[in-house]
Each structure stands twice: as structure tokens, then as C-alpha cells.
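Student: Let me see the structure of the following:
(2 chains)
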There are 2 protein chains.
Amino acid sequence: MTATRTHPEVAPHESKAKLLNAALYVIRARGYSATRVEDICESAGLTKGSFFHHFKGKEDLAVAAAEHFSAMADGLFAQAPYRSLPDPVERVLGYVDFRKAILLGDLPEFTCLLGTMVQEAYETHPRIREACDRYIASHAHAVAADIAAAMAARGLHPNLNIDWTAESLAFYTQAVIQGSFVLAKAQRNAAVSADCLDHLRRYLEQLFRPSQSQTGPSPSA
Amino acid sequence: MTATRTHPEVAPHESKAKLLNAALYVIRARGYSATRVEDICESAGLTKGSFFHHFKGKEDLAVAAAEHFSAMADGLFAQAPYRSLPDPVERVLGYVDFRKAILLGDLPEFTCLLGTMVQEAYETHPRIREACDRYIASHAHAVAADIAAAMAARGLHPNLNIDWTAESLAFYTQAVIQGSFVLAKAQRNAAVSADCLDHLRRYLEQLFRPSQSQTGPSPSA
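Tutor: So this is what the prediction gives:
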């Protein structure tokens, strides 16, 4: 449990990080069920002894990997340039632009660990489903905070002049992103994800267009 | 190979249909990799002998199940009431309303076999990925035909007064639907899928709003 002696090769906290990073890549490439503990160990360059020192089993690793993935994403988005834009509408649009800008590398590098795992494990692995739900919701709530500020800036009020909420729109942004990854996997190409983000941006531009806040959602109906 | 003698219990074509229908439910509940041939046989009430009479193995079944799922969906959408609406814009909106109306039953009953399988198998099972890609694209192209007619009806022309295409919008509708299923699985609740379809409908209403076709996409910019 305590690292009284640090081997020159891998310190305990380093081996845990290596296993978590291996899980991020291998599960996103093969799915949760098809991934074996041996695959994780091989990818991390560590033994099964090391694995079971840190994790009770594959499900335990998956839950920890979901938290690790979420923490990495939080750090990435917190430091993104769009965060410092003063206009909340620009921050909402900047979020979409940033999501488009990070569609880089191979599919297992930019697709979502949470969406991948929950798609197959939602019914059979309640702990994994709960972790994925928690971290997807946490990210959506962060997006919803900017959306709520953008709504206030444009004078948009649910049940008054619009029929949607900041939370529902934030989850919609996540649905578009998750679904765009499914299509990118089918097509083995991130271009469709970029196209989907363009449509999402267009929708957000329409919702937050200055003229709409004065005339309501259906000016010419 | 030939059904010279039909047992009173299950004729060969009936046993194949039972196996395919079992695959639809079991794979949507457990994912592709976690599903065993034994699970399919148990759910269908048939023996492994019957399974291997019809399919070479699990991957072969998955590819056939993708085709079966697609054919069932084609039949469902072809007979849907919105298909007979004369205005193509109303057919596009009617498609979204219909997708919302069929969010019925448990998650394995209304979620998508293709999105579920490709999410985990895209890298490791090329035949499954190709089948999922083919049938998702086939459905998107059917939606794109109505979208193209709606664009013509509203005088919307790519590169002239809009910066999107019928095909990109059709794939966007599929991304929203696929992503909404991922969120529904995370939340164990179809309500978020319905919310996402409301946002999609609002976007389509905006794109095909009559006033926009006369003034272009950014009348007040």
C-alpha cells in the first residue's frame, strides 16, 4: 500500500497511471467486454501482479478509468483558449469549435471512453453505467453553466420566450458529440464528426442570434 | 441445408428468424462482445446445432442481424403515417416526430443495434463495421431524399444561400439519434432522447422556416 521503496523501473503511482492510460486507449479501441486484463497489462508494459495491486478486477479498472478520463477532460477544457472569452455566447460557440479542433489522431484517441463503455455495459455493469452517467452529466453541467449565462445575456427565458432549458441544450450538445463518434467509427473517418459539430454550431448560433431575443422564437410564424 | 422434412416445432426459416430476433434483443442489452452464442440460443429457445446450421459463428450472426434490423426498420418507416404527408418539409419534421413516438419499451427494444455494435467492434471486426456503416448510411440516404425535396421546396441551395448539404444534415439527424441513445443508456431513461429530438426538430424548423429561404441564412447579421 505504501511506497516505502521505489523500484527504479516503475513507482506504484506511476504503474497505476500507466494502467489507467492503457485502459483509456485499449477500451476505446476494442470496447469494454472484449478488453482483457492481459491486454491492459501488455499495453501498459506491466504484470498482472501490478494490475491486481491497484485494481480488484476489470470492472474496478473501468470505473477508475472513467474518473481518470473525466479528470483529464476537465483539465483540457479548463485550459482551452475559449474559456477566457468574455461573451458567454462566444464561449458556448467556442466550446463547439474546440471540440472540433480536438478531433485529432486515431479514433481511439479522440472518441469518448464513457460513451463507448456505457453503450455496451449499461445493463450488465451498473457501476460502470453509474460512473459514465456521473461524468457525462458533470461535463454537461459545465457546458450548461455557459449556456445559462448566454441565455441571460440574450434575454432568453424558459417558459417565457423559449421552450428549452440550459440543461436540455447542454445534454443535446453531448448527444451530438457522442452520436458523431458512432458515425465516425462506422465510417472510420472523423470528417462526419466535424460536419455534425458544424450543424450544432449553426443551431446554437440561431438560438442565440441577437434578433431572436427581442422577437421570440417564432417571429414570422 | 435443404428443408426436406419440416419438424412440427420449428421450420428452418422460422428458427433462423428466431435466432435473428434473439440477436436483436440480446446484443442491444449486453453489447456484441459480451453476447455468447449460448445466450442467443437460450433466448431463441433453440440448440447450438440449430445456430450453426444457419450461421458460421457469432460474427456471421451479427452481420445477418444488422441486415435484419435494417430491413425491419425500412418496413417500419415505409409504413409510418408521416410518409404520406405531401409537403417534404412536413415529412422531414414528421420523421423526427415518428422517431420520438417509437421511443417505447425497454432500452434494448428501442435503441439501435447498428450503433451499439459499431461502437465497440469498429476496430476489431471489419465485417461488422462495414455492415453497420452500410445500413446507417442507407437509412441516412432515405432521410436525405426528403431533406433534398424540402430544400427544393424552400429554395435552399448549397453554396448559394446555405452552407450545408442534404446528406450532411441527414447524417446529423442520425448522430443526434445515436447520441441520444448513448445518453438514454447512461441515464436509464428515454426522456433525454425525447428532449434531444425536440432540439433536432427546432433546428430543422429553423433551417426550413419560410422567411429564411427569401433572405438567406443570416438576415440580420
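Student: CA atoms for contacts and neighbours, from now on please.
Tutor: OK.
Student: My understanding was that A:Thr111 contacts A:Phe181; is that so?
Tutor: Yes: taking CA atoms under 8 Å as the contact criterion, A:Thr111 and A:Phe181 are neighbours in contact, 6.0 Å apart.
Student: Distance-wise, check the residue nearest the centre of chain A relative to A:Gln119.
Tutor: The residue at the geometric middle of chain A, judged as the C-alpha nearest the mean C-alpha position with CA atoms, centre = their mean, is A:Cys112 (5.5 Å). When CA to CA, to the nearest Å is the yardstick, A:Cys112 and A:Gln119 sit 11 Å from each other.
Student: just checking, what packs against whatever helix or strand A:Val182 lives in?
Tutor: Assigned by DSSP states H and E, A:Val182 falls within helix A:166-187. Counting contacts by 3 or more CA pairs under 8 Å, 6 or more residues apart in numbering or on different chains; DSSP states H and E, helix A:166-187 is packed against helix A:126-153, helix A:191-207, helix B:113-121, helix B:126-154, helix B:166-187, helix B:191-207.
Student: Can I get it in CSV, CA atoms only?
Tutor: Extracted as CSV, the C-alpha positions of helix A:166-187 are listed here (Å, rounded to 0.1, in the frame of the first residue of the first chain):
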residue,chain,number,x,y,z
ALA,A,166,-29.9,25.3,-20.4
GLU,A,167,-29.6,21.7,-19.1
SER,A,168,-31.5,20.2,-22.0
LEU,A,169,-29.4,22.1,-24.5
ALA,A,170,-26.2,21.0,-22.8
PHE,A,171,-27.2,17.4,-22.9
TYR,A,172,-28.1,17.9,-26.6
THR,A,173,-24.6,19.1,-27.3
GLN,A,174,-23.3,15.8,-25.7
ALA,A,175,-25.7,13.7,-27.7
VAL,A,176,-24.4,15.3,-30.9
ILE,A,177,-20.8,14.7,-29.9
GLN,A,178,-21.5,11.1,-28.8
GLY,A,179,-23.5,10.3,-31.9
SER,A,180,-20.9,11.9,-34.1
PHE,A,181,-18.4,9.4,-32.7
VAL,A,182,-20.6,6.5,-33.5
LEU,A,183,-20.8,7.7,-37.1
ALA,A,184,-17.0,8.3,-37.2
LYS,A,185,-16.4,4.8,-36.1
ALA,A,186,-18.8,3.4,-38.7
GLN,A,187,-17.1,5.5,-41.5
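Student: what comes up buried for it?
Tutor: Using 16 or more other CA atoms under 10 Å in any protein chain shown as the burial criterion, the residues of helix A:166-187 that qualify are A:166-187.
Student: Ranking helices and strands of chain A by mean pLDDT, which lands last?
Tutor: Taking mean pLDDT, DSSP states H and E as the measure, helix A:210-215 is the helix or strand of chain A with the lowest mean score, a mean of 53.
Student: right, so the helices and strands packed on helix A:166-187: which one is the most enclosed?
Tutor: Scoring those by mean neighbour count under mean count of other CA atoms under 10 Å in any protein chain shown gives helix B:113-121 as the most buried, with a mean of 27.
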